[in-house]
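Novice: Got a predicted model here, sequence first, then my questions.
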Amino acid sequence: MTTRILTGITTTGTPHLGNYAGAIRPAIVASRSNDVDSFYFLADYHALIKCDDPLRIQRSRLEIAATWLACGLDTDKATFYRQSDIPEIPELTWLLTCVSAKGLLNRAHAYKASVDKNLENGEDPDAGVTMGLYSYPVLMAADILMFNAHKVPVGRDQIQHVEMARDIGQRFNHLFGAGREFFTLPEAVIEEEVATLPGLDGRKMSKSYDNTIPLFGNAKQLKDSIARIVTDSRAPGEPKDPDNSHLFTLYQAFATPAQLAEFRAELLGGLAWGEAKQRLFQLLDNELGEARERYRALIERPADLEDILLAGAAKARKIATPFLGELREAVGLRSFRSSVQSAETGKKKAVKSARFVSFREDDGSFRFRLLDADGEQLLLSKGFADGKAAGQVSKRLQADSELDLRVEGDAFGLWLDGEQVALSPSFADPAERDAAIQRLHMVLAPQE
Ligand code: TRP
């Protein structure tokens, strides 16, 4: 089975080395694997929550798009798009907003941090808090659930948001799924070995600390940033301590094991910090030089970038548009025409769609019941190990035109692929039983 990986990049800044090592590089490597289907997108609606400078938003979208392509993302294999090119996402956001508990969002770290800060300053708790900030996790849930992602690689600060996406998706499944799991429940993935890179001052590399090394600055900018890396005061010739040097940690993120061993030996042997910085510059310039040229070329052809992203959006919408159609149906936003037509033809006045009700047993297994139009039970499924398997069976019952029913005394069993998957209640007599079988055929008849 292919795993669907999805992640978004908020478009408020210019990519730096920390973004590259911690997110871009591992994501691109993952996207090349054959059993992975990857969705990477520019979270530009999220950017609007944090930034009201249109020029910066525009610039950042362009730079981030060019960065991912320059670093080797294959847009034939991965689906690469801008969130704001997918109108289904804000539409899904609303459907999800309507099932998201306000109490859940009250607990979001980012919102709570703002409230705490306000309280500390003696201000109104919600001072400066927009609905965008408050609803941020719902928009993010829509990003993830829209494409039924299995895995969502994120930084630690985003784990809670992925968990909220699970909660919200589960709630929607429960309310509207009628036995079908509309949404896959996503899992956050934290890449343990891609250590967060230290910045120039040794704290985590982050724009908010102003300690970053730009990814695609020119050689001089790279050199200047590296010159600002803080080191200790050991003189040339004095042995250095690689394990307590963030310059060494930076080197480590880009070096082969052999290069790293050599660098370690040199530092222990007294290499001057100035020389060490020159080594780091060489390493980074080698690793990034070619990509930097590609980046330049891409930035100069914004119309081509636009085409690439629009093609990505079209690819994403091939999934999003029909899926959102099903979700609209599920919540009751349906065409009047379809119901008028079935009344007109009068053929199926008793047609009510099958009602599957799924539930969980105390032992953790998943089952569903199929109820007839009057709410009377027709079938009770066996226990399934997970909700997905139960959902798949109920889906097949609605899609298959032939049902394998086997009478067993005053009851009947339902078989699928040579296995009994559900059993009816025991009816008072064979006539009652056969009437129930009739009703079963009615509710499950494929609709034309
Ligand atoms: N909030 C994420 C961040 O700031 C970006 C993001 C938006 C995202 N939508 C997403 C990440 C969906 C993963 C999945 O890092």
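Specialist: That came through, no problem. Since this is a predicted model, take the numbers as computed values, not measurements.

Novice: Distance of residue 159 relative to residue 109?
Specialist: Computed as C-beta to C-beta, to the nearest Å, the residue 159 to residue 109 distance reads 10 Å. (C-beta placed from N, C-alpha, C; glycine too.)

Novice: who has more neighbours, those two?
Specialist: Remark: of residue 159 and residue 109, residue 159 carries more neighbours, 16 against 13, as counted by other C-beta atoms under 10 Å.

Novice: what helix or strand is that one on?
Specialist: helix 159-176 (DSSP states H and E).

Novice: Excluding its own residues, what touches that helix? List them.
Specialist: The list of residues contacting helix 159-176 from outside it, by C-beta atoms under 8 Å, 6 or more residues apart in numbering, reads 95-96, 99-101, 104-105, 108-109, 136-138, 140-141, 144-145, 152, 154, 180-188, 190, 327, 330-331, 387.

Novice: Return only those of those residues found close to the ligand.
Specialist: Contacts with the ligand within these, counted by C-beta under 6 Å from any ligand atom: 140, 144, 152, 154.

Novice: tell me, how many neighbours does the third one end up with?
Specialist: Summarising burial for residue 152: neighbours were counted as other C-beta under 10 Å, giving 24.

Novice: and it, what are its phi and psi?
Specialist: phi -130, psi 100 (degrees, to the nearest 10).

Novice: Same question for the last one.
Specialist: Geometry field for residue 154 lists phi and psi as phi -150, psi 170, criterion degrees, to the nearest 10.

Novice: which residues touch it?
Specialist: So residue 154 contacts 7, 161-162, 188-190 (C-beta under 8 Å, 6+ apart).

Novice: Narrow those to just the buried residues.
Specialist: Taking 16 or more other C-beta atoms under 10 Å as the criterion, what is buried in these is 7, 161-162, 188-189.

Novice: and the two most separated of those?
Specialist: 161 and 189 (13.2 Å; C-beta to C-beta).

Novice: where's the closest residue to residue 298 other than its chain neighbours relative to the ligand, distance?
Specialist: In space, and not counting its chain neighbours, residue 298 is closest to residue 66: 4.0 Å by C-beta to C-beta, 6 or more residues apart in numbering. Distance from residue 66 to the ligand, counting by C-beta to the nearest ligand atom, to the nearest Å: 19 Å.

Novice: is it true that residue 66 touches residue 300?
Specialist: No. The pair residue 66 / residue 300 is not scored as a contact, 9.4 Å apart, by C-beta atoms under 8 Å.

Novice: ok, those two, which is more surrounded?
Specialist: residue 66 (24 against 10).

Novice: ok, back up a step: can you point out the buried residues in the helix holding residue 159?
Specialist: Across helix 159-176, burial judged by 16+ other C-beta under 10 Å covers 159-173, 176.

Novice: Let me know the helix or strand that residue 119 is in.
Specialist: Per DSSP H and E: helix 109-120 holds residue 119.

Novice: Contact distance from the ligand - what residues of the stretch 251-400 of the chain qualify?
Specialist: Close to the ligand, as judged by C-beta under 6 Å from any ligand atom, the stretch 251-400 of the chain has no residues.

Novice: so where do the strands sit in the stretch 251-400 of the chain?
Specialist: In the stretch 251-400 of the chain, the strands defined using DSSP state E, counting those that start in this stretch lie at 355-360, 366-371, 377-381.

Novice: Reformat those as a markdown table; add mean pLDDT and mean neighbour count.
Specialist: A markdown table is the format used below for the strands of the stretch 251-400 of the chain (pLDDT from 0 to 100; neighbours: other C-beta atoms under 10 Å):
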| stretch | mean pLDDT | mean neighbour count |
| --- | --- | --- |
| strand 355-360 | 85 | 16 |
| strand 366-371 | 90 | 20 |
| strand 377-381 | 92 | 19 |
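
Novice: State the distance from residue 382 to the ligand.
Specialist: 36 Å.

Novice: Residue 270 too?
Specialist: In terms of C-beta to the nearest ligand atom, residue 270 sits 42 Å off from the ligand.

Novice: Next one, pLDDT for that residue please.
Specialist: Residue 270 carries a pLDDT value of 96.
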